[in-house]
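got a predicted structure plus its sequence, pasted below:
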Amino acid sequence: MALSSAPSGGIAAPGASSEKLTRSMSLTNLIFLGVSAQIGSGWLFAVLSAAGAAGPAAVVSWVLAALLFGVIAMPWMELGAMLPRSGGPVRYPSLSHGMMTGWLVGGAYWIATVAVTTLEAQAVLTYVSSNWPQLGLMHEVEGLEILTWPRGILAGVAILAVFTVLNIFGIKMLSEANRWITLWKIAIPTLTFILLFTAFRSSNFTETGFFAMGFDGVLHAIPATGIAFAYLGFRQVLDFGGECKNPQRNIPIAIAASILIPMVVYVLLQVAFIGALDWTAAGLAPGQWGSLLSSDWASAPLFQALIAAGFGGFGTLLLIDAIVSPAATGWVFLGSATRSTYALSEHDMAPSLLQRLNRFAVPWISLIVSFAVSCLFLLPLPSWYRLVSIVSVALLLSYLVGSSSMMVLRRTAPDLPRPFRLRNAGFWAPASFVATLILVYVAGFSTVLNLSIVVFAGTPAYVAYIAVRQNWITRIRAYSWSAVFLTVWGFVSWQGGWFMTVSGGQREGAWETSAYLVACTAVLAGGGIVLYLMSNTVGRVHVSRSTWFVALLMAVLFLSFYGSYGPLDHPVFGEGWDLIPVAIAGLAGYYWSVASGFETDEVRENHLEEDVVPV
């Protein structure tokens with residue numbers, strides 16, 4: 001029996017907008033789009049932060065991350081080829097698990113994508129400021145560089161405005177311009193690691209031992225230092241998948257290429273950087289890997305490495321690339337955020353106004369909204385090194401549902417054509433789910449907690465707008481619930497003392513953390529039960545079928561607190577062993593997630609029309 005998700009009055013089917021996007025992107029352009037999204041600010045900073053977390057074994061982190069992301073990407077290949085839609089990553093959870101799951105996952109993805117745009121602008125300013133500090137763009141707080149007011153923040157707004165202008169002229173211009181810029185973005189890192197190899201010191205790999213920070217550091221480096229951030233761009237292929245030619249063939253190929261090509265570049269860069277690391281020039285004693293983030297090289301690591309190696313002239317070219325690479329990635333991610341907003345609107349989770357296109361077939365109102373929100377992330381928050389881990393985990397969290405969405409749609413929409421069908425899905429789907437959850441877990445307690453606070457703070461928007469619009473709850477009940485929940489959640493989150501601290505630790509005078517986690521659980525459980533009782537029959541379906549996501553995220557939080565990536569001096573789950581309960585939680589969460597999926601109205605009524613037209 002199908003479970004309805006529409007009010008009795010009827011809602012326009014997703015994809016039924018009278019205005020259409022255009023399908024004009026070639027396979028080459030799609031690959032360049034994915035690669036461009038991968039090679040941005042990550043290559044400028046992640047080699048230093050990864051070395052700081054894992055020592056010489058950071059090389060292993062890059063290879064391991066590529067393998068994990070290959071596993072994670074497999075279900076998305078089937079989804080992307082089966083339903084090539086612009087903003088696809090925010091659509092699939094709604095089709096398989098309903099609107100509340102779609103909002104929690106899709107909303108997290110949209111916010112993270114917008115934040116990446118800001119991160120890239122901040123990366124540009126960080127490199128510029130390191131060479132021209134007299135501009136007054138950044139200042140130091142607790143050993144980290146953050147933007148100043150007004151110069152730094154206004155400069156960031158100006159860069160974001162340029163990204164917006166570049167997006168407004170359509171996908172064809174964006175993809176063609178990106179093709180040539182991506183070639184540049186591959187060439188400069190390649191020349192960089194070739195030059196750094198001339199100053200190679202093998203002792204940097206052996207003096208303190210290859211696994212200087214333990215295997216724990218190898219795993220932690222993946223989500224926490226920019227490595228995961230560097231690989232997350234493969235989803236841009238899905239975001240623009242509805243605007244490419246022959247998507248059923250091109251999307252899986254482009255996803256694979258956008259992981260493999262950056263992996264080669266990043267691994268060679270990491271080897272070259274560690275080999276060329278001049279401890280004296282960095283102001284450190286040999287083997288002080290953990291102090292690299294606060295060293296003299298932190299604001300421009302590769303530039304400083306080139307100077308130390310005697311290639312200061314090429315360092316100037318690197319500074320140009322320090323503007324070009326993050327900027328190109330920034331405007332691609334802004335385009336992705338725009339398509340995500342468009343997709344949320346198509347699924348009736350945002351105002352239909354966001355679907356309006358300009359004469360270049362760009363959702364221009366969605367673009368303006370994404371630009372405005374990206375500007376908010378320019379406020380004096382933690383630096384690139386702090387914020388990148390939170391953004392990475394937000395994007396990873398949105399990857400989590402891909403495998404279960406694929407399996408649910410196999411059950412509820414078996415007749416949809418699947419040009420790419422994942423073989424042995426019974427193994428690869430849960431493997432993808434567990435791999436994603438492990439990457440979320442090893443990001444560390446503070447990162448996962450900060451993300452959870454933001455994700456659940458978005459629940460009132462679902463209740464007050466989406467649930468009311470669908471007639472699943474009365475307006476007065478929705479507004480009352482939202483006001484009370486947001487107030488209580490905000491109060492508890494503040495008292496916990498972990499939210500967006502520059503140090504990444506807990507604020508003094510805050511609640512004891514275990515009691516805080518219990519309070520968070522009580523607020524979520526109580527709020528969920530009240531919302532369930534306030535909703536009608538259909539609304540209750542959407543609330544109950546999202547329970548797995550909330551419970552799993554809280555389980556990871558508790559495991560993270562008591563595990564080796566948490567704040568305890570003597571964790572309950574020691575290094576390595578803590579991955580066992582995480583994997584068990586992942587398997588339980590996967591099967592619960594698959595069981596929670598249902599035949600939504602869009603699937604039951606075959607409302608899966610294309611939102612693009614070929615050109």
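Nice, thanks for sending it over.

wait, residue 234 touches residue 69, no?
Yes: here residue 234 reaches residue 69: they are 6.9 Å apart, a contact under CB atoms under 8 Å. Any C-beta I mention is one placed from the backbone N, CA and C, and that applies to glycine too.

ok, the two, which is more surrounded?
residue 69 (29 against 25; other CB atoms under 10 Å).

for the more buried one, what is the enclosing helix or strand?
Under the criterion of DSSP states H and E, residue 69 resides in helix 58-82.

other SSEs contacting that helix?
Helices and strands touching helix 58-82, by 3 or more CB pairs under 8 Å, 6 or more residues apart in numbering; DSSP states H and E, are helix 42-54, helix 88-97, helix 214-224, helix 227-231, helix 235-239, helix 247-276, helix 401-412, helix 425-441.

could you pull up the mean pLDDT of the second one?
Over the span of helix 88-97, the pLDDT mean works out to 85.

quick revisit: between residue 234 and residue 69, what contacts are shared?
Shared contacts of residue 234 and residue 69, defined by CB atoms under 8 Å, 6 or more residues apart in numbering, are found at residue 259.

show me the contacts for residue 443.
Shown in contact with residue 443 (CB under 8 Å, 6+ apart): 220, 223-224, 228, 389, 392-393, 396, 565.

number of nearby residues for the residue nearest to it when sequence neighbours are not counted?
Leaving aside its sequence neighbours, residue 443 sits nearest to residue 223 (CB to CB, 6 or more residues apart in numbering; 3.8 Å). Using other CB under 10 Å, the number of residues around residue 223 comes to 29.

wait, residue 223 touches residue 393, no?
Yes: counting by CB under 8 Å, residue 223 touches residue 393, with 5.8 Å between them.

joint contacts of these two?
Shared contacts of residue 223 and residue 393, counting by CB under 8 Å, 6+ apart, come down to 439-440, 443, 447.

which single one of the residues you listed is nearest to residue 212?
Residue 212 has its nearest neighbour among the shared contacts of residue 223 and residue 393 in residue 443, at 20.6 Å by CB to CB.

the helix holding residue 69 to helix 88-97, inter-axis angle?
Note on geometry: by axes from the mean of the first three to the mean of the last three CA atoms, to 10 degrees, helix 58-82 and helix 88-97 are set 60 degrees apart in direction.

how would you label residue 500: helix, strand or coil?
Secondary structure, DSSP: H, G, I helix; E, B strand; the rest coil: residue 500 is coil.

same check, this time on the one 5 residues further on
Using three-state DSSP, the structure places residue 505 in coil.

what pLDDT does it get?
Residue 505 is assigned a pLDDT of 79 by the prediction.

show me what contacts it?
446, 498, 567.

how near is it to residue 497?
9 Å (CB to CB, to the nearest Å).

likewise residue 601?
For residue 601 relative to residue 497 (CB to CB), the value is 43 Å.

compare those two (neighbour count), which wins?
More neighbours surround residue 601 than the other of residue 601 and residue 497, with 20 against 17 (other CB under 10 Å).

pull the number of nearby residues for residue 159.
Residue 159: 23 surrounding residues under other CB under 10 Å.

in a helix, it, correct?
Yes: counting by three-state DSSP, residue 159 is part of a helix.

pull the longest helix from this protein.
Across the chain, the helix with the greatest residue count (assigned by DSSP state H) is helix 312-346.

distance from it to the middle of the chain?
Computed by CA atoms, centre = their mean, to the nearest Å, the chain-centroid distance of helix 312-346 equals 14 Å.

give me the buried positions along it.
Within helix 312-346, the residues scored as buried using 16 or more other CB atoms under 10 Å are 314-315, 318-319, 321-322, 324-346.

residue ranges with poor pLDDT in the stretch 301-450 of the chain?
Within the stretch 301-450 of the chain, the stretches with pLDDT under 70 are 315, 380-389.

do the stretch 1-150 of the chain as well
1-25, 40-42, 86-87, 141-145.

mind doing that once more with 50?
Applying pLDDT under 50 to the stretch 1-150 of the chain flags the ranges 1-19.
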